[in-house]
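Enquirer: I need the structure of the sequence given here:
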Amino acid sequence: MPYRPSVDEYFLEIATVIAKRSTCLRNRVGAVIVRDKQILSTGYNGAPSNMEHCLDIGCIRQKNNIESGTRHEKCRAVHAEQNAIIQAALHGAGIEGATLYCTHQPCILCTKMIINSRIKRVVYLTSYPDTDALDFFNDAGVEIINLPVSRLLENA
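Expert: Down below sits the predicted model:
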(Lines give C-alpha, C1' and ligand atoms only; values in the text may rest on other atoms or scores of the structure.)
Protein backbone atom coordinates (compact mmCIF):
# COMPACT_ATOMS: atom_id res chain seq x y z
CA MET A 1 0.00 0.00 0.00
CA PRO A 2 1.42 3.45 -0.86
CA TYR A 3 2.59 5.71 1.94
CA ARG A 4 0.26 8.59 2.80
CA PRO A 5 1.93 11.45 4.70
CA SER A 6 0.38 12.78 7.89
CA VAL A 7 -1.10 16.28 7.77
CA ASP A 8 2.03 17.66 9.47
CA GLU A 9 4.33 15.90 6.99
CA TYR A 10 2.23 17.14 4.06
CA PHE A 11 2.44 20.81 5.05
CA LEU A 12 6.12 20.53 5.96
CA GLU A 13 6.80 19.19 2.49
CA ILE A 14 5.00 22.24 1.08
CA ALA A 15 7.18 24.47 3.28
CA THR A 16 10.30 22.84 1.80
CA VAL A 17 9.09 23.67 -1.71
CA ILE A 18 8.36 27.27 -0.65
CA ALA A 19 11.93 27.51 0.71
CA LYS A 20 13.26 27.04 -2.83
CA ARG A 21 12.19 30.65 -3.55
CA SER A 22 14.48 31.97 -0.80
CA THR A 23 17.16 34.45 -1.79
CA CYS A 24 19.26 33.93 1.35
CA LEU A 25 22.75 32.53 0.88
CA ARG A 26 22.94 30.92 4.35
CA ASN A 27 19.57 29.32 5.11
CA ARG A 28 16.76 28.67 2.67
CA VAL A 29 13.65 28.82 4.83
CA GLY A 30 10.01 28.33 3.93
CA ALA A 31 6.88 28.76 6.03
CA VAL A 32 3.21 28.03 5.54
CA ILE A 33 0.35 29.06 7.85
CA VAL A 34 -2.56 26.63 7.95
CA ARG A 35 -5.91 26.44 9.70
CA ASP A 36 -8.45 23.64 9.27
CA LYS A 37 -6.14 21.99 6.71
CA GLN A 38 -6.34 25.08 4.46
CA ILE A 39 -3.32 27.19 3.52
CA LEU A 40 -3.80 30.78 4.63
CA SER A 41 -0.41 32.22 3.77
CA THR A 42 3.14 31.35 2.77
CA GLY A 43 6.53 33.01 3.08
CA TYR A 44 10.21 32.51 2.40
CA ASN A 45 13.24 34.49 3.52
CA GLY A 46 14.50 37.26 1.30
CA ALA A 47 15.12 40.99 1.01
CA PRO A 48 12.25 43.44 1.54
CA SER A 49 10.18 44.35 -1.53
CA ASN A 50 11.99 46.40 -4.16
CA MET A 51 15.41 45.85 -2.57
CA GLU A 52 18.35 43.87 -3.93
CA HIS A 53 18.64 40.27 -2.80
CA CYS A 54 21.64 38.68 -1.13
CA LEU A 55 21.85 36.31 -4.10
CA ASP A 56 22.74 39.37 -6.18
CA ILE A 57 24.87 41.48 -3.82
CA GLY A 58 26.22 39.05 -1.23
CA CYS A 59 25.46 38.36 2.41
CA ILE A 60 26.19 41.00 5.05
CA ARG A 61 26.35 38.31 7.74
CA GLN A 62 28.88 36.21 5.83
CA LYS A 63 31.04 39.25 5.10
CA ASN A 64 31.11 40.09 8.83
CA ASN A 65 31.48 36.47 10.06
CA ILE A 66 28.30 36.70 12.16
CA GLU A 67 27.42 33.39 13.79
CA SER A 68 24.07 31.77 12.97
CA GLY A 69 21.40 32.44 15.56
CA THR A 70 22.88 35.79 16.65
CA ARG A 71 22.62 39.47 15.68
CA HIS A 72 19.37 39.07 13.72
CA GLU A 73 19.30 42.83 13.07
CA LYS A 74 22.40 42.42 10.88
CA CYS A 75 20.51 40.59 8.15
CA ARG A 76 19.05 41.97 4.95
CA ALA A 77 16.34 39.33 4.78
CA VAL A 78 12.84 39.30 6.15
CA HIS A 79 12.38 35.83 7.68
CA ALA A 80 9.99 33.31 6.15
CA GLU A 81 7.73 33.32 9.21
CA GLN A 82 7.58 37.13 9.17
CA ASN A 83 6.75 37.15 5.46
CA ALA A 84 3.97 34.60 5.97
CA ILE A 85 2.45 36.72 8.76
CA ILE A 86 2.82 39.90 6.67
CA GLN A 87 1.20 38.27 3.64
CA ALA A 88 -1.72 37.11 5.76
CA ALA A 89 -2.19 40.67 7.04
CA LEU A 90 -1.94 42.19 3.54
CA HIS A 91 -4.59 39.83 2.22
CA GLY A 92 -6.91 39.91 5.24
CA ALA A 93 -6.40 36.29 6.25
CA GLY A 94 -6.97 35.86 9.99
CA ILE A 95 -4.35 33.50 11.41
CA GLU A 96 -5.47 33.29 15.03
CA GLY A 97 -5.50 29.66 16.16
CA ALA A 98 -3.54 28.50 13.10
CA THR A 99 -0.51 26.23 12.77
CA LEU A 100 2.74 27.52 11.29
CA TYR A 101 4.82 24.94 9.44
CA CYS A 102 8.43 25.94 8.89
CA THR A 103 11.58 24.34 7.54
CA HIS A 104 13.58 25.79 10.46
CA GLN A 105 12.83 26.47 14.11
CA PRO A 106 11.82 30.13 14.43
CA CYS A 107 14.29 32.63 15.88
CA ILE A 108 13.37 34.70 18.94
CA LEU A 109 12.17 37.64 16.81
CA CYS A 110 9.84 35.45 14.76
CA THR A 111 8.75 33.64 17.92
CA LYS A 112 7.50 36.90 19.44
CA MET A 113 5.60 37.72 16.24
CA ILE A 114 4.08 34.23 16.16
CA ILE A 115 2.97 34.51 19.79
CA ASN A 116 1.39 37.93 19.22
CA SER A 117 -0.30 36.66 16.04
CA ARG A 118 -2.04 34.09 18.26
CA ILE A 119 -0.76 31.17 16.23
CA LYS A 120 -1.26 28.19 18.53
CA ARG A 121 1.04 25.57 17.04
CA VAL A 122 4.43 25.51 15.31
CA VAL A 123 5.84 22.46 13.52
CA TYR A 124 9.39 22.63 12.14
CA LEU A 125 12.05 20.39 10.60
CA THR A 126 15.49 21.81 11.45
CA SER A 127 16.70 23.09 14.83
CA TYR A 128 18.20 26.57 15.12
CA PRO A 129 20.81 27.85 17.62
CA ASP A 130 18.34 30.39 19.11
CA THR A 131 17.08 28.15 21.95
CA ASP A 132 15.48 31.02 23.91
CA ALA A 133 12.65 30.83 21.38
CA LEU A 134 11.61 27.41 22.69
CA ASP A 135 11.26 28.81 26.22
CA PHE A 136 9.12 31.68 24.91
CA PHE A 137 6.82 29.27 23.07
CA ASN A 138 6.43 27.13 26.19
CA ASP A 139 5.77 30.16 28.41
CA ALA A 140 3.14 31.46 25.97
CA GLY A 141 1.39 28.10 25.63
CA VAL A 142 2.24 27.67 21.94
CA GLU A 143 2.67 24.00 21.03
CA ILE A 144 6.05 23.45 19.37
CA ILE A 145 6.90 20.23 17.52
CA ASN A 146 10.19 19.24 15.90
CA LEU A 147 9.47 16.75 13.16
CA PRO A 148 12.95 15.72 12.03
CA VAL A 149 13.70 15.96 8.32
CA SER A 150 14.80 12.30 8.37
CA ARG A 151 11.16 11.34 8.94
CA LEU A 152 10.13 13.08 5.73
CA LEU A 153 13.00 11.54 3.78
CA GLU A 154 12.35 7.98 4.91
CA ASN A 155 8.79 8.19 3.61
CA ALA A 156 9.55 10.00 0.34
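
Enquirer: residues contacting the closest residue to residue 145 other than its chain neighbours?
Expert: In space, residue 145 comes closest to residue 123 once its chain neighbours are excluded; the distance is 4.6 Å by Cβ to Cβ, 6 or more residues apart in numbering. All C-beta spots, glycine's among them, are computed from the backbone N, C-alpha and C. Residue 123 is in contact with 8, 11, 12, 99, 100, 101, 102, 145, 147, counting by Cβ atoms under 8 Å, 6 or more residues apart in numbering.

Enquirer: now do the helices in the protein.
Expert: Assignment of helices within the chain using DSSP state H yields the ranges 7-19, 54-57, 60-63, 80-90, 108-116, 132-140, 149-154.

Enquirer: residues of the third one that come out buried?
Expert: For helix 60-63, a neighbour-count test (16 or more other Cβ atoms under 10 Å) marks residue 61 as buried.

Enquirer: quick revisit: quick one: closest of the helices of the chain to residue 35.
Expert: Nearest of those to residue 35, taken as Cβ to Cβ: helix 80-90 at 10.2 Å.

Enquirer: and the average pLDDT for that closest one is what?
Expert: Summarised as a single mean, pLDDT over helix 80-90 is 97.

Enquirer: not counting its own residues, what contacts it?
Expert: 18-19, 22, 29-33, 40-46, 78, 93-95, 100, 102-104, 106, 109-110, 113-114, 117.

Enquirer: if we can go back for a sec, buried deepest among the helices of the chain, which one?
Expert: With neighbours defined as mean count of other Cβ atoms under 10 Å, the helices of the chain peak in mean count at helix 80-90, which reaches a mean of 21.
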